[in-house]
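Enquirer: this is a predicted model, with the sequence first.
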Amino acid sequence: MNTTLSAQQPAPPSNREGFRYVLITPCRDEAQYARRCIDSVLAQSVLPSLWIVVDDGSSDETPQILAEYAASRPWMKVIRREDRGKRAVGPGVVDAFYAGLAAADLSQFDYLCKFDLDLDLPKSYFEILMRRMQENPRIGTCSGKPYFEQGAHLVSEKCGDEMSVGMTKFYRTDCFQEIGGFVREVMWDGIDCHRCRMLGWIACSWDDPDLRFIHLRPMGSSQKSIFTGRMRHGFGQYFMGTDLLYMTASAVFRLAHPPYIVGGLAMWWGYVKSMMEKKPRYPDLEFRKFLNRYQWRCLLAGKTRATAELDSSAASRAKKKN
């Protein structure tokens, strides 16, 4: 592994609030989006204390762009990994994330964020998230909402309020450590939120104007095509332990959202194909039981009510302990 990361971490940029957060960014061949993304981070009202970018074998101009920005910013560090020959989402992304995490001392930070290099953030994005987490110490992970550009319009990627989104996973450090971090498999960004709820934390996202960010590459299109991405999502739901009925309901919901019809069908077929091939599932049986109970309650009462019931129950348990 080739790295430009020094052994001694630099003094972080100061900020008026004393917030300390670290960004860890796995990336590969992001030259098309990198400058716009980096500039949006540099414009933040509260800068990260440390930003570790893991270049996972880029073959375009990404390394040169990263080196240019990092040269004048000692708190921005770049780790260069060898080219594995292809883009690898899911476990590949998590593996690159952990290469960055190994270079950070989490005890020095209140928050950490797995952050992609194809995003354009509003200026107060991280500050707003940290303020809300300070106001509610039970929020373990949170995010804003992703939109993609379609001509002159922004289109929502329709992510649920009960999840923090995978392209910018903002975590309270204590929560991240308690859930055991990320699973190295597709659907890592769903399993983590459900593990948060299972352990009494809150996982959420908000669609406020000041938290809406632009996803420069539409979700699920980073490897081959959107169809492949939706198929992969179906496999991920199967791996996580989602019930077939719930998966079918989710796929039907997706039929009416871009990419119309084909997106929902691809998700459903990805799940059913995995089921027929008897692919392995997430081995934590207690987690899968918890997930199925929650998803059935979502079908019966709706996600908003089911999530609120879990939150209320966890809050009551926490109050009794204290």
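Expert: Ah, there it is. Residues are numbered from 1 along each chain as shown.
Enquirer: surely R20 and D110 touch.
Expert: Yes: between R20 and D110 there is a contact under Cβ atoms under 8 Å: 5.1 Å. Glycine gets a C-beta too; all of them are placed from N, C-alpha and C.
Enquirer: what about the helix or strand hosting G263, distance to the chain center?
Expert: Using DSSP states H and E, G263 falls within helix 262-276. Offset of helix 262-276 from its chain centre (Cα atoms, centre = their mean, to the nearest Å): 22 Å.
Enquirer: quick one, strands of this structure?
Expert: Here the chain has its strands, by DSSP state E, at 2-3, 21-27, 50-55, 76-80, 111-115, 119-120, 139-143, 145-150, 153-156, 168-172, 202-205, 212-215.
Enquirer: adding mean neighbour count, write those out as TSV.
Expert: Rendered in TSV, the data for those read as follows (neighbours: other Cβ atoms under 10 Å):
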stretch	mean neighbour count
strand 2-3	12
strand 21-27	25
strand 50-55	27
strand 76-80	22
strand 111-115	25
strand 119-120	20
strand 139-143	26
strand 145-150	17
strand 153-156	12
strand 168-172	25
strand 202-205	24
strand 212-215	20
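Enquirer: return the member of those having the minimum mean pLDDT.
Expert: Here the strands of the chain differ in mean pLDDT, and the lowest is strand 2-3 at a mean of 44.
Enquirer: OK, contacts around H257?
Expert: By Cβ atoms under 8 Å, 6 or more residues apart in numbering, the residues touching H257 are K158, G263, G264.
Enquirer: closest to I214 among those residues?
Expert: Nearest to I214 among those is K158, at 15.1 Å by Cβ to Cβ.
Enquirer: returning to what we had before: can I have the buried ones of the contacts of H257 as a ChimeraX selection?
Expert: Listed next is the ChimeraX selection for buried residues among the contacts of H257, using 16 or more other Cβ atoms under 10 Å:
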select :263,264
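Enquirer: let me know the closest of the contacts of H257 to G200.
Expert: Nearest to G200 among the contacts of H257, counting by Cβ to Cβ, is K158 at 27.3 Å.
Enquirer: find the nearest non-adjacent residue to M163, please.
Expert: Once flanking residues are discounted, M163 sits nearest to C193: 4.7 Å by Cβ to Cβ, 6 or more residues apart in numbering.
Enquirer: isn't that neighbour right up against A203?
Expert: Yes: the pair C193 / A203 is scored as a contact, 3.8 Å apart, by Cβ under 8 Å.
Enquirer: overlap of the contact sets of these two?
Expert: Taking Cβ under 8 Å, 6+ apart as the criterion, C193 and A203 both touch T141, E162, M163, S164.
Enquirer: mind listing the helices for the stretch 151-300 of the chain?
Expert: Secondary structure of the stretch 151-300 of the chain (DSSP state H, counting those that start in this stretch): helices at 173-178, 188-198, 226-240, 244-254, 262-276, 285-301.
Enquirer: what's the closest of those to E82?
Expert: Checking the helices of the stretch 151-300 of the chain against E82 by Cβ to Cβ gives helix 188-198 as the closest, at 22.4 Å.
Enquirer: in that closest one, which residues are buried?
Expert: Applying 16+ other Cβ under 10 Å to helix 188-198 flags W188, D189, G190, I191, D192, C193, H194, R195, C196, R197, M198 as buried.
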